[in-house]
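S.K.: Turn this into a model:
(chains A, B, C and D)
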4 protein chains.
Amino acid sequence: MRHLAVLTSGGDAPGMNAAIRAVVRTAIYRGRTVSGVYRGYQGLINGDIHELGARSVANIIQRGGTMLRSARSMPFMTPEGRAQAAENLRRHGVEGLIVIGGDGSFRGAHALSQEHGVPVIGIPGTIDNDIYGTDVTIGFNTALNIATEAIDRLRDTAASHDRLFLVEVMGRHAGHIALNVGLAGGAEAILLPEVPHDLDEVVSSIVEAQARGKSSSIIVVAEGAYEGGAMHLKEKIEAACGYEVRTSILGHMQRGGSPTTRDRVLASRLGYAAVEALLEGQQGVMAGVDKRGTVFVPLEDTWSKQKEIDWQLFEIAKVLAV
Amino acid sequence: MRHLAVLTSGGDAPGMNAAIRAVVRTAIYRGRTVSGVYRGYQGLINGDIHELGARSVANIIQRGGTMLRSARSMPFMTPEGRAQAAENLRRHGVEGLIVIGGDGSFRGAHALSQEHGVPVIGIPGTIDNDIYGTDVTIGFNTALNIATEAIDRLRDTAASHDRLFLVEVMGRHAGHIALNVGLAGGAEAILLPEVPHDLDEVVSSIVEAQARGKSSSIIVVAEGAYEGGAMHLKEKIEAACGYEVRTSILGHMQRGGSPTTRDRVLASRLGYAAVEALLEGQQGVMAGVDKRGTVFVPLEDTWSKQKEIDWQLFEIAKVLAV
Amino acid sequence: MRHLAVLTSGGDAPGMNAAIRAVVRTAIYRGRTVSGVYRGYQGLINGDIHELGARSVANIIQRGGTMLRSARSMPFMTPEGRAQAAENLRRHGVEGLIVIGGDGSFRGAHALSQEHGVPVIGIPGTIDNDIYGTDVTIGFNTALNIATEAIDRLRDTAASHDRLFLVEVMGRHAGHIALNVGLAGGAEAILLPEVPHDLDEVVSSIVEAQARGKSSSIIVVAEGAYEGGAMHLKEKIEAACGYEVRTSILGHMQRGGSPTTRDRVLASRLGYAAVEALLEGQQGVMAGVDKRGTVFVPLEDTWSKQKEIDWQLFEIAKVLAV
Amino acid sequence: MRHLAVLTSGGDAPGMNAAIRAVVRTAIYRGRTVSGVYRGYQGLINGDIHELGARSVANIIQRGGTMLRSARSMPFMTPEGRAQAAENLRRHGVEGLIVIGGDGSFRGAHALSQEHGVPVIGIPGTIDNDIYGTDVTIGFNTALNIATEAIDRLRDTAASHDRLFLVEVMGRHAGHIALNVGLAGGAEAILLPEVPHDLDEVVSSIVEAQARGKSSSIIVVAEGAYEGGAMHLKEKIEAACGYEVRTSILGHMQRGGSPTTRDRVLASRLGYAAVEALLEGQQGVMAGVDKRGTVFVPLEDTWSKQKEIDWQLFEIAKVLAV
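M.R.: Prediction:
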């Protein structure tokens, strides 16, 4: 393989730039040519493909977002779109593709590979950490710190006014962010999509906490944990316990910002591993990390299997909210 | 005056603790006794008044919120409540009161002073900076930095996806925060309560900006700038320009966190000045800063007069969004 | 075991408070009494031992340093000192002790246990991450982020002036911090105590990098990587390559500050695990984390065995500095 | 004037990019052509002059350092060098020059103007705030926050170990940074170049503070406040009071990083004002801010007159260290 390409797809995540840098520099170190595809799969279809040098990725390791940009592409969901994409790769002489994104992006990569024989390797980049096959995804650690810092600030106000705050963090289908920041933020209760919750129990735990001398409380709720979202939940809690409840929805802010050391190191490790694997002939897999170190799992597994939250952590969070 | 007291009232603001520290230590340095009133005017009514020493305020200058807590007090809005408050001050031997808060808090202080002869001095503590008589209020600078940092993060995502973001910052009646963070965040447009705005103009400026090559845009809107708030505005812009618009409401997060150097210095200066003034016999005034340095304005002015936004800055922001 | 105690010893590390909180609340949740020993082993000798409630550890999870304080104790290094310590524990009814600190602190704990039969469990708290038996120590992740942020700032200046910066990070005997922040900071070269380095090679890599178009460079050096330290190294590099070199010694700043999400979660996990293990009859071990999850290793191992740096990371850092 | 140019000179300061952006966009808004000179006066001599568009300065307002880079230029200190510089400006059609830097840079600008009739206007950009004619310089506010944050972190360790920390901040000839961060960091003592200090007094204030119950202390010292610097002072204090003293030299880190809201707003205001003034025919002046708003002072004043520190703040700092 002489020439490989890299793209970012789906929602941006801090550390994507560090991963791009690692892919580009490892390829160059191995004597290969490397191109960047701009705006994800749409750029593949539009032929927005440009060779990158070692200096093209200088001074980006600390930047949030993605220098290659990202975009949704409806055409790529069609066989015609993917045929066009494969054709463009061939025309540019690209013999292998690295896709940085979430499981939706990996489905696209898989289809491209199946239909047109393009060797692809995935790198998990999403703040939600909801990808099977890797213990952590690029961007997750940064998102945790941003959300925890926000909760620390809300706590200043909660403590000054003896108030109850409901904080909604990202995670439509997965509670990894909520669980970690709930524990780290000293939340009274943590509501996750994975755990059926009884509102009465939440309310009574708050009432009891007040009785034990807690004068302020934080409840952390994942985006997808409650139908109707934080605003609906707020009304229910207010009706049930009689307190005024303040709501804060952290939103897209969790997605941006300079990546943490850990996200930069993880991204560097996976970018390096993906290139090495591609050059050694691997394909159709995602590079991830787990207890064994760097691992490669079939792309299909990333969306067909379900990643569990850390149940022990959930138990610890409950004990420590005492 | 042998014994003075200090309380915080209204919404908390970063730097309130630095102001409390300055009041307490200046009083002690001048050989006076000083007490803290907990939970604002409600604590005055409840007699929640405790003497503070120099060490009681150690290690708080860097903390957000207020160690004296704050609370709303309906009873204090009645003559009976204020009579009880005055009685409690007398009982504790307190001869002068320093109130850290916003203009609503100063109305209460004024009433207490008029009805019961309690010498009071106000210190402006609110993130909104909407108090007449001082160029800046305690907490404003910290809130600016938190909001600007959030916009920087959103910009990472906006730039990665060629998106339009609508960011709502605090300011129900005043656009000081929105104006400064809009300029500092490089916003395409800034919507303030003080400026009647034409939605068509906003939309066309965005469309033109895209034509000039701007692929992502940030619009900063003050809480009170648009009826129906950011969500309503979002729908209107989407309908008008056809783009998808993301919304982020920064909310209470702007209120917390460790105060900036400037807020700590301002709070120290005003806390010191308030005690000095009270000991020199001044009362019924707020300590503030303006072009002349530290100044004292009648409490009535703080709510009866209107503070202007910096119109030159508004003009500059428009020019620089080119 | 009815009553247990906790102390912090050695250099402070961010997350120690989160670990104290976890120990205290888990013990209370399990229906036990728990005491805090102030100022480490010296407090044990002085009998500075006080019962803690669930509220005593409220609002500390986000704080740097240690609320129990830490101190060196020469007397505890003597058998007489340890006898006094054991006597004080008995007098207070303490039946088990949890020590949060580094391997030096664990030696002391081990001696106390051997000589007086006090059941002890260690929790690794040190920013250096140089303790055998756990993949990470409490405080390490926070220290990494502080150091990386400092390097990001230095890079602004390095890039603006085409300069060479030499940054010394903590790590007298271990290069874990230097390796991670060197990689994350995009350093041109990383000097570790574990790797014999050839100054000529470092100098020639810098000269070559300039030739490749890099106009500014950062070299990260661990405290113990070079005899004479950063200042000596600076002179040698200047003499060899003719450039002016700026030096920055990050120092104690890396030790403080609010712990990251990861350090809070790790500290909570280990504090919880240590109490559970002590109650189940384990002793003479340190609670740590590795590929298997939470693990317990004999205290002796923590100082007699050597923890390796991540050699693959070292290789990756070299490739990416291309 | 049809065409103007901008350069940055001297040490970089956060907010320089925001000033460049304001100069460029204001010029374009006024229908003028604008060029950037790279690497300061050296670039002027080398003819490193390039036209900038509104998009050239997109997405830089939040970045530290200077996109135009900065460098020392020995040749520019000679009449021949300046003649070459003037010749290059003429050749590029540049009719006016804006120089962002410190008073040393303004001397150069002044000479160029005197000798070759080039209209110049200065913008004060330096973290030290030591320029006469403006209350604040670009970069000062950011440097304050970085230094205060560092002191907050050191305080965690100081408080955990009952230690004395000596923190050296920037300011070879001026104590503005030391004074503000010393006050904001709750320092026990603040040593400035402007204030002759008696070491015995410092030592006795520390000893007394310990007696009053302060168990840890921070002393902030400006770079130029003490002959031999912080290390020499450390030894003297240790000898005098018998405590071990830890030293931290913040150094270049204070110079980098994303500018604060205030620095971005100040830079925008001054960049805008400088262009407006140049177009209105002003020259030989620096744009600054003081009690009257935006002001223009003769360039000569900036280096021939001395800016005072805020003596009232120095008094307040002493009172609050009680």
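
S.K.: Would you point out which residue of chain A is nearest chain D?
M.R.: A:S258 (8.8 Å; C-beta to the nearest C-beta). (Glycine included, C-beta is placed from N, CA and C.)

S.K.: would that residue count as being in a strand?
M.R.: No. In this structure, A:S258 is coil, not part of a strand, as judged by DSSP: H, G, I helix; E, B strand; the rest coil.

S.K.: okay, now the domains of chain A?
M.R.: A:3-139+A:259-304, A:143-255 (automatic domain parsing).

S.K.: on that earlier part again, quick one: contacts for the residue of chain A closest to chain D?
M.R.: Counting by C-beta atoms under 8 Å, 6 or more residues apart in numbering or on different chains, A:S258 makes contact with A:P14, A:Q62, A:R63, A:G64, A:T142, C:E149, C:D152.

S.K.: Can you say which of the domains of chain A is nearest to C:S70?
M.R.: domain A:143-255 (22.7 Å; C-beta to C-beta).

S.K.: I'd like the mean pLDDT over the closest one, please.
M.R.: In this model, domain A:143-255 has an average pLDDT of 90.

S.K.: can you give me the end-to-end distance of it?
M.R.: This stretch, domain A:143-255, spans 6 Å end to end (C-alpha to C-alpha, to the nearest Å).

S.K.: Among the contacts of A:S258, which ones are in helices?
M.R.: A:T142, C:E149, C:D152 (DSSP state H).

S.K.: neighbour-wise, which of those residues leads?
M.R.: Among those, A:T142 has the most neighbours (other C-beta atoms under 10 Å in any protein chain shown), with 28 neighbours.

S.K.: Look up the closest residue to it, ignoring the ones flanking it.
M.R.: Nearest residue to A:T142, sequence neighbours excluded (C-beta to C-beta, 6 or more residues apart in numbering or on different chains): A:P14, at 4.0 Å.

S.K.: pLDDT wise, what is the one you found at?
M.R.: Reading off the model, A:P14 has pLDDT 98.

S.K.: Then A:P124?
M.R.: pLDDT, A:P124: 98.

S.K.: Quickly list what it is bridged to.
M.R.: Taking DSSP bridges as the rule, A:P124 bridges to A:G101.

S.K.: and the gap between it and A:T302?
M.R.: 7 Å (C-beta to C-beta, to the nearest Å).

S.K.: Start from the N-terminal end of chain A and give the strands.
M.R.: Taking DSSP state E as the test, the strands found in chain A are A:3-8, A:33-37, A:49-51, A:96-101, A:120-124, A:164-169, A:189-191, A:217-222, A:245-249, A:285-290, A:293-298.

S.K.: Give the other helices and strands that the fourth one contacts.
M.R.: Right, strand A:96-101. Using 3 or more C-beta pairs under 8 Å, 6 or more residues apart in numbering or on different chains; DSSP states H and E, the elements in contact with strand A:96-101 are strand A:3-8, helix A:16-29, helix A:103-116, strand A:120-124, helix A:261-279.

S.K.: quick one on the thing from earlier: among the ones in helices among the contacts of A:S258, find me the one that's closest to chain B.
M.R.: A:T142 (9.8 Å).

S.K.: how far does stretch A:55-65 sit from the chain's center?
M.R.: 19 Å (C-alpha atoms, centre = their mean, to the nearest Å).

S.K.: contact partners of that stretch?
M.R.: Contacts of stretch A:55-65 (C-beta under 8 Å, 6+ apart): A:12, A:14, A:16-18, A:20-21, A:24-25, A:36, A:67, A:142, A:255-259, A:264, A:268, B:153, B:156-157, B:159-160, C:148, C:152, C:155, C:159, C:184-186, C:212-214.

S.K.: Can I have the buried ones of those residues as a PyMOL selection?
M.R.: A single PyMOL command selects the buried members of the contacts of stretch A:55-65 (16 or more other C-beta atoms under 10 Å in any protein chain shown):
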select buried, (chain A and resi 12+14+16+17+18+20+21+24+25+36+67+142+255+256+257+258+259+264+268) or (chain B and resi 153+156+157+159+160) or (chain C and resi 148+152+155+159+184+185+186+214)
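
S.K.: in the stretch 101-250 of chain A, what residue is nearest chain B?
M.R.: A:R153 (3.1 Å).

S.K.: I figured that residue was touching B:I146, is that so?
M.R.: Yes. Here A:R153 reaches B:I146: they are 7.2 Å apart, a contact under C-beta atoms under 8 Å.

S.K.: list residues touching both of those two?
M.R.: With C-beta under 8 Å, 6+ apart as the test, A:R153 and B:I146 both reach B:M253, B:G257.

S.K.: Quickly note the distance from the residue lying farthest from the centre of chain A to B:Y38.
M.R.: Of all residues in chain A, A:A211 has its C-alpha farthest from the mean position, at 38.3 Å, by C-alpha atoms, centre = their mean. Note on A:A211: its distance to B:Y38, by C-beta to C-beta, is 20 Å.

S.K.: and if you look at A:P196?
M.R.: Counting by C-beta to C-beta, the separation of A:P196 from B:Y38 is 41 Å.

S.K.: what does A:A317 give?
M.R.: Distance of A:A317 to B:Y38, given as C-beta to C-beta: 31 Å.

S.K.: Just want to know which of those two has more residues nearby.
M.R.: A:A317 (24 against 19).

S.K.: Spatially nearest residue to the more buried one (excluding sequence neighbours)?
M.R.: Distances taken as C-beta to C-beta, 6+ apart place A:L183 nearest to A:A317, at 4.3 Å, with adjacent residues excluded.

S.K.: Let me see the contact set for that neighbour.
M.R.: Under the criterion of C-beta under 8 Å, 6+ apart, the neighbours of A:L183 are A:I190, A:L313, A:I316, A:A317, A:L320, C:R264, C:V265, C:S268.

S.K.: possible to save those as TSV with distance to C:G284?
M.R.: Below are these laid out as TSV (distance: C-beta to C-beta, whole Å):
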residue	distance to C:G284
A:I190	35
A:L313	27
A:I316	24
A:A317	29
A:L320	26
C:R264	27
C:V265	26
C:S268	23
